[in-house]
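1. Following is a predicted model, sequence given first.
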Amino acid sequence: MSKVNRATATQSLSVSFTVGLYGTAFGAASIAAGFSILQTCLLSLLTFSGASQFAIVGVMGAGGSAISGIATASLLGIRNGLYGLRMAPLLKVRGVKRVIAAQVTIDESTGVAIGQEDLGIDAMKQGFWLTGFGVYLFWNFFTLLGALGAQAMGNPSAWGLDAAVPAAFLGLVWPRLLGKFERTLAASAVILAIVLSPIISAGLPIIATALLAVAFGWKVRS
Amino acid sequence: MNALWIGVLGTSAIAFTLKYLGHSIPEKYLTNPRMLRINTLIPIALLSALVGVQTITEKGKWVIDQRLAGVAVALIALSLKAPYFVVVISAAITSAVIYRI
């Protein structure tokens, strides 16, 4: 690999740090949902996918079963697989390197990689690896801090954590709501999930909204 | 093994499998534009639904409380293009203040 591009490194670091900080919210949310510190840290080390992690602690914390929690988290993790499809021909790695590349294939590493396209293939690869490792490092460090902090804090509601978690999610999805089409989908999903919540078991109302995504995506848009 | 451990390990195993599959499947299977489009929309629907459920439900019941105010403030902060941490902190402060009143 050639010399690391300065712009790529700067972008990788800032994305890694910003997203990593958010690990504090996950650590706290996970503890608030009843998971232990060890379980919380293992989720960040092994699952390493923010949305999936919030889903499993959100669903199980709300009284949902492990199966519905895993199903929701896994639906949210499907896009990492599709990022992998896109990153594989770029990285061209096998064996242990492929295992490591797969583990750090997330929104951020893929996003930064694609953002470096004008700078060439080397910069794209560097962006992927730097951001992947950077987020991994900060995310896990701040998860631990959040988990420890939350246990010392007592009732999460007294500190606003109960609102910080959905707000954090909203912040994640916000940049994706660029057009009216996406906003309509998001609003429909919120309404459907809330309406279904008292009717079907926790986790399923969220999974059900995947059908909305299929319906919205089926028709070809102009 | 209790349910939480099953959740932690199951989620992790499937999360990795999904990522690894992506790196292992030949590219030719991903050319269908409809599949690409649907996959882009699924996270938007699921994450939005999660926001809704976490904001106004509790254990399968509708509950309107300080969380709704917090998330409403976050929404305002986002529409004013506030940085990410400002969005999260403003929601937390709003909710905490109302909770303590």
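-> That came in fine, so what should we check first?

2. Just the buried residues of whichever strand or helix holds A:P89, please?
-> Assigned by DSSP states H and E, A:P89 belongs to helix A:66-91. Under the neighbour-count criterion of 16 or more other CB atoms under 10 Å in any protein chain shown, helix A:66-91 has A:66-88, A:91 buried. All C-beta spots, glycine's among them, are computed from the backbone N, C-alpha and C.

3. what's the answer for stretch A:186-204, then?
-> In stretch A:186-204, counting by 16+ other CB under 10 Å, buried: A:186, A:188-190, A:192-194, A:196-197, A:201-204.

4. from the residues you listed, which ones fall inside helices?
-> A:A186, A:S188, A:A189, A:V190, A:L192, A:A193, A:I194, A:L196, A:L204 (DSSP state H).

5. and residue 20, helix, strand or coil?
-> As the question left the chain open, I've gone with chain A. Here A:G20 is helix, with the state taken from DSSP: H, G, I helix; E, B strand; the rest coil.

6. Tell me the spacing between it and A:V135.
-> 6 Å (CB to CB, to the nearest Å).

7. who's more crowded, these two?
-> More crowded of A:G20 and A:V135, by other CB atoms under 10 Å in any protein chain shown: A:V135, with 27 against 20.

8. Give me the spatial nearest neighbour of the more buried one, chain neighbours excluded.
-> A:S16 (4.8 Å; CB to CB, 6 or more residues apart in numbering or on different chains).

9. quick one: the worst-scoring helix or strand of chain B on mean pLDDT to helix A:66-91, angle?
-> In chain B, no helix or strand scores lower on mean pLDDT, DSSP states H and E than helix B:33-56, which sits at a mean of 83. With axes from the mean of the first three to the mean of the last three CA atoms, to 10 degrees defining the directions, helix B:33-56 sits at 140 degrees from helix A:66-91.

10. What is the distance between stretch A:199-214 and the centre of its chain?
-> A distance of 18 Å separates the centroid of the chain from that of stretch A:199-214, by CA atoms, centre = their mean, to the nearest Å.

11. Next, count neighbours for B:T17.
-> Residues lying near B:T17 (other CB under 10 Å) number 14.

12. what does A:R176 give?
-> A:R176 has 18 neighbouring residues, counting by other CB under 10 Å.

13. how near is it to chain B?
-> Taking CB to the nearest CB, to the nearest Å as the measure, A:R176 falls 5 Å from chain B.

14. Now do the end-to-end distance for stretch B:71-89.
-> From its first residue to its last, stretch B:71-89 covers 11 Å (CA to CA, to the nearest Å).
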